[in-house]
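Student: Need a 3D model of the following:
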Amino acid sequence: MQGFPAPNRSGPTTATFRHRLPMGTDAVRAVLSAVRAAGLAGAVLAAPAVAQGQIAPAAPAIENSRGGAAVQPAQQPTFPSGSRIGIVPPQGMTPSRAFLGFEDATLHVTLEISELAPQSYSQVARQFTPEMLALHGTEILVQENVTLRDGSGLLIAGRPTGGAPPVTRWSMLAHLGEVIAVVTLLVPDTAREAYPEAAIRRTFETLAARGRPSDEEMLSLLPFRLGELAGFRILRARPDGTVMLTSGPADTPLPIQQPFLLVALRGGETPSADERETAARRALGQIMGLDRVTVTDTGPVRFANRQGHEIRGQTRDMKEGTPLSLVHWIAFGPNMHLQLYGIARTDEWDAVLPRMRAIRDGIQPK
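Tutor: As a prediction, this is how the structure comes out:
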């Protein structure tokens, strides 16, 4: 079997990306951390990349310094494929193939979209306070509430201190009905004339939500095939190789309600045979704090035509104390590893684990 391809990460490689929201497995870890703090054990990410959507006739535009329309207020939002969140990007930005959102590769401007679980809203909102942002080295320039077509948002602009190159980071935490969105626009100082503040504000005002995309649309984003869903369905998918699945009627990642499974590609060097367990524990620790896991079984495993490692364990929901069982599989490749993390209530684990194995064994490269 062929190896799994590295996800498409084309796009700006400037140090501007040091200011971006975490992506890939780092994004999974960041969102799971927020949810763990709320006493939960799962979270949802947005799906990335090639944009879809029809553009309505243009209205009078805000001019930018390049003589073009920075944003057309009457345009309909563009929804990246597989995403429930759309926006009218400023002129000069095109859909990114490296992350969910848009980019201006010439001026190194990025507009990144993330979708979170509704249950994580209050925890994420605490990260948007001036105190917390200052703690992380951000000088606040703007903080205000914004009314949106489908809800409301908190808009913050700040400048990370000590960053290189210097940028202004515009971020919005939006509540769009059942959808929670975090949108971040990074504008290097060298692009400020082309992206004036008035145009940026108008862009954020176009943020909107739509209904849930089909499984087929979301699966088309992945760099691999899921040959077997085993009764699970897709919550979110992204072209960097991250897909989240649940088994049940609700769009929830919470394992106390429904079984949850994360599949992700992650970069890294291939460990030697005697280092695989340590590498597997480290990878699991990036998703869930190992201090909360009682490991019940660990050992070598082979899947996706690769050598790997399996860790099984038990934990409890932090809010209700419900017993949960989990499994973590990782198959090691030359430069890319395939990682799966499944969790469900212990009282249904015996029926769920074989279904998760079936999904694992059905993954194939495209």
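Student: C-alpha from now on. contacts and neighbour counts both.
Tutor: Noted.
Student: and the helix or strand harbouring Arg266, what other elements does it pack with?
Tutor: Following DSSP states H and E, one finds Arg266 within strand 260-267. Applying 3 or more Cα pairs under 8 Å, 6 or more residues apart in numbering; DSSP states H and E, we find strand 260-267 packed against helix 24-37, strand 242-246, strand 336-345.
Student: which residues are in contact with that strand?
Tutor: For strand 260-267, contacts defined as Cα atoms under 8 Å, 6 or more residues apart in numbering pick out 6-7, 24-25, 42, 240-247, 253-254, 335-344, 356.
Student: Try it again at 6 Å.
Tutor: For strand 260-267, the external contacting residues (Cα atoms under 6 Å, 6 or more residues apart in numbering) are 241-246, 253, 335-343.
Student: Same check on stretch 309-322?
Tutor: With Cα under 6 Å, 6+ apart as the criterion, stretch 309-322 contacts 39, 293-301, 323-330.
Student: For ChimeraX, what selects the buried ones among the residues you listed?
Tutor: Restricted to buried positions by 16 or more other Cα atoms under 10 Å, the ChimeraX selection for these reads:
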select :39,293,298,324,325,326,327,328,329,330
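Student: number of nearby residues for the nearest residue to Arg169 once chain neighbours are set aside?
Tutor: Of all residues not flanking Arg169 in the chain, Leu186 sits nearest, at 4.7 Å (Cα to Cα, 6 or more residues apart in numbering). For Leu186, the count of nearby residues is 25 (other Cα atoms under 10 Å).
Student: all helices of the stretch 101-250 of the chain, in order?
Tutor: Using DSSP state H, counting those that start in this stretch, the helices of the stretch 101-250 of the chain run over 121-126, 130-135, 197-205, 215-219.
Student: for the longest one, which positions count as buried?
Tutor: For helix 197-205, the neighbour count (16+ other Cα under 10 Å) marks 199-200, 202-205 as buried.
Student: Stretch 96-104 too?
Tutor: Applying 16+ other Cα under 10 Å to stretch 96-104 flags 96-104 as buried.
Student: now the residues you listed in a markdown table, with pLDDT and distance to Thr161?
Tutor: Converted to a markdown table, the buried residues of stretch 96-104 look like this (pLDDT from 0 to 100; distance: Cα to Cα, whole Å):
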| residue | pLDDT | distance to Thr161 |
| --- | --- | --- |
| Ser96 | 87 | 27 |
| Arg97 | 80 | 29 |
| Ala98 | 76 | 26 |
| Phe99 | 81 | 25 |
| Leu100 | 81 | 26 |
| Gly101 | 89 | 25 |
| Phe102 | 94 | 25 |
| Glu103 | 95 | 23 |
| Asp104 | 96 | 23 |
